[in-house]
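Novice: turn this into a structure:
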Amino acid sequence: MSEATLLSRKADFPGLLTGSGGPWHYLDTAATAQKPQVVIDAVTKAIGADYATVHRGVYGRSAEMTLGYEAARRRVAAFIGGKEDELVFTRGATEAINLVARQWPDKGRVLVSALEHHSNIVPWQLAGWQVDVCPLTADGLIDLDAAERMLTTEHRMVAFAHVSNVLGSVLDAPRAAELAHNVGALLLLDGCQSAARLPVDVAALGCDFYALSGHKLYGPTGIGALWGRAELLDRMPPWQGGGSMIEKVTFAKSTYLPAPTRFEAGTPAIVEAIGLAMACDYVDAIGRPAIHAHEAKLVAQLRDGLRQHNDITLFGPEDSAGIVSFAMHGVHPHDLGTILDEEDVAIRAGHHCAQPLMELLDVPATARASFGLYSDEDDVAALLRGIARTRRIFG
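Specialist: Numbers count the residues shown, from 1 in each chain. This is a model prediction of the structure:
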């Protein structure tokens, strides 16, 4: 597929129509992605004709479902360049980060950045880590020169967003890994916004943990994953007890299965895992380089359009990955979002679960347009028309 051509995938997504059948200009993919029909069909089949439990039944359908569930684990692991015994299914990236924050046995200082989502701040606080904050560059990148100066041998973990959910800025992950490893720390990447947009190979990135959410990857909600190097997962004790994760239970003592199974207590999200695997197939069939190029073109078009008006403040780097945050002078983002909704344009307005970043930007909230592989120039045009109407309303 040519990277010079905008993708044309709206027809794959039944959610991109209004109730009256008109186009719905969905620009909130960073919050959650719409689902392609192939994912919907896979989920429907798994919860319908194929449905059974996994890892328990001796009957044929259960055995088949177990094979399907474990095949999904292999598929999701391969999607990011990992192995199946290195991938833990979680409810999402939030749970994945919480798992590492709570269970990593050698707690100390963790370096996060000023642009992190709350899910990459609060878990470390709750788990008792000493949280240090790396500043940003003027254009909204994590300042790795500052990180190098801040890191000490007391740091046990560096936890950075691979792509910012507010600014779309892309981390130089290999350099972040080198800096972390130089002081004996590990690197955890929050891959929520990168997994669907950028080619991801955890070995090439040099990270030690990688967290992702299925629903931002065109898959179902309620499923995500933590990838970790096998020897690191082996060092972490289980964090939830129940069925599936045990080797033997007595009233005196219980023993546990190896990772990743020991981190998946109870009946897992079977259907959701199968849906996520199908989403990985769908994305890979298009190719993440093509998706990134497609979204980069739309980002450039939107930023150019917004830059024509002196009442607009743009945030983040010019080459942001699929995300454009901005503020309109004299108009609260919530008012803008409400007026845009009347035009069948959906954006996100608020603090984006990044209140420290809002404080740094000195705004209470921003408006955020985020693209997906189904977005196109019509969506950009509709957003700019809606902003023009908002400008007329507010005088």
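Novice: what's the helix or strand for His232?
Specialist: Not quite, residue 232 is Leu, not His. helix 230-233 (DSSP states H and E).
Novice: meant to ask about Gly275, not that
Specialist: Counting by DSSP H and E, Gly275 is found in helix 270-286.
Novice: show me where the stretch 201-350 of the chain has its strands.
Specialist: In the stretch 201-350 of the chain, the segments counted as strands under DSSP state E, counting those that start in this stretch are 209-213, 224-228, 246-249, 254-256, 312-315, 323-328, 345-346, 348-350.
Novice: and Ile270, which of those is closest to it?
Specialist: Ranking these by proximity to Ile270 (C-beta to C-beta) places strand 224-228 first, at 14.4 Å. The C-beta positions use only the backbone N, C-alpha and C, and glycine is treated the same way.
Novice: the closest one vs strand 209-213, what angle?
Specialist: Strand 224-228 runs at 170 degrees relative to strand 209-213, counting by axes from the mean of the first three to the mean of the last three C-alpha atoms, to 10 degrees.
Novice: can you give me the neighbour number for the closest residue to Trp24 other than its chain neighbours?
Specialist: Leaving aside its chain neighbours, Trp24 sits nearest to Thr18 (4.8 Å; criterion: C-beta to C-beta, 6 or more residues apart in numbering). Thr18 has 10 neighbours, counted by other C-beta atoms under 10 Å.
Novice: over to Gly243?
Specialist: Neighbours around Gly243, by other C-beta under 10 Å: 12.
Novice: isn't it up against Glu264?
Specialist: No. Using C-beta atoms under 8 Å, Gly243 makes no contact with Glu264, being 9.8 Å away.
Novice: and Asp319, how far from Gly241?
Specialist: For Asp319, the distance to Gly241 equals 46 Å [C-beta to C-beta, to the nearest Å].
Novice: how about residues contacting the helix holding Leu232?
Specialist: Outside helix 230-233, the residues that touch it by C-beta atoms under 8 Å, 6 or more residues apart in numbering are 83, 85-86, 88, 186, 208-209, 259-260, 263.
Novice: what of stretch 47-64?
Specialist: 65-66, 68-69, 244, 267-268, 270-271.
Novice: tell me the least confident of the residues you listed?
Specialist: In terms of pLDDT, the lowest of these is Ser244, showing 89.
Novice: ok, now which ones touch that one?
Specialist: Ser244 neighbours (C-beta under 8 Å, 6+ apart): 55, 257, 261, 264-268.
Novice: ok, 6 Å please
Specialist: 55, 264 (C-beta atoms under 6 Å, 6 or more residues apart in numbering).
Novice: dihedrals phi and psi, it?
Specialist: phi 80, psi -40 (degrees, to the nearest 10).
Novice: now do it against Thr267, distance only.
Specialist: In terms of C-beta to C-beta, Ser244 sits 7 Å off from Thr267.
Novice: Leu373 too?
Specialist: From Leu373 to Thr267 the distance is 32 Å (C-beta to C-beta).
Novice: more neighbours: these two, which one.
Specialist: Using other C-beta under 10 Å as the criterion, Leu373 and Thr267 rank with Leu373 on top: 29 against 13.
Novice: count of neighbours near the spatially closest residue to the more buried one that is not a sequence neighbour?
Specialist: Nearest residue to Leu373, sequence neighbours excluded (C-beta to C-beta, 6+ apart): Ile291, at 4.8 Å. Using other C-beta under 10 Å, Ile291 is surrounded by 24 other residues.
Novice: so what pLDDT did Ile291 get?
Specialist: pLDDT, Ile291: 96.
Novice: isn't it up against Gly372?
Specialist: No. Contact criterion C-beta atoms under 6 Å: Ile291 and Gly372 do not qualify, at 8.4 Å.
Novice: need the CA coordinates for stretch 305-313. PDB is fine.
Specialist: Provided in PDB are the C-alpha atoms of stretch 305-313 (Å, rounded to 0.1, in the frame of the first residue of the first chain):
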ATOM      1  CA  GLY A 305      -6.000  25.100   8.900                       C
ATOM      2  CA  LEU A 306      -5.900  26.100  12.600                       C
ATOM      3  CA  ARG A 307      -2.800  28.200  12.200                       C
ATOM      4  CA  GLN A 308      -4.700  30.500   9.900                       C
ATOM      5  CA  HIS A 309      -6.600  32.000  12.900                       C
ATOM      6  CA  ASN A 310      -4.900  34.100  15.600                       C
ATOM      7  CA  ASP A 311      -7.500  33.000  18.200                       C
ATOM      8  CA  ILE A 312      -6.200  29.500  18.100                       C
ATOM      9  CA  THR A 313      -3.300  28.200  20.200                       C
END
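Novice: that one: which residues count as buried?
Specialist: Residues 305-306, 312 are the ones in stretch 305-313 that count as buried (16 or more other C-beta atoms under 10 Å).
Novice: distance to Leu276 and pLDDT added to these, as CSV?
Specialist: CSV is the format used below for the buried residues of stretch 305-313 (distance: C-beta to C-beta, whole Å; pLDDT from 0 to 100):
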residue, distance to Leu276, pLDDT
Gly305, 34, 97
Leu306, 34, 97
Ile312, 37, 97
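Novice: could you pull out the helices for this protein?
Specialist: In the chain, helices defined by DSSP state H lie at 37-47, 60-79, 93-103, 122-126, 144-150, 173-182, 202-205, 230-233, 270-286, 288-307, 333-342, 355-361, 377-393, listed in chain order.
Novice: what sits up against the fourth one?
Specialist: It refers to helix 122-126. Contacts for helix 122-126 (C-beta under 6 Å, 6+ apart): 97-98, 101, 110, 131.
Novice: between the residues you listed, which is nearest Ala159?
Specialist: Val110 (5.7 Å).
Novice: wait, doesn't that closest one sit right on Gln130?
Specialist: No. Applying C-beta under 6 Å, one finds Val110 not in contact with Gln130, separated by 7.1 Å.
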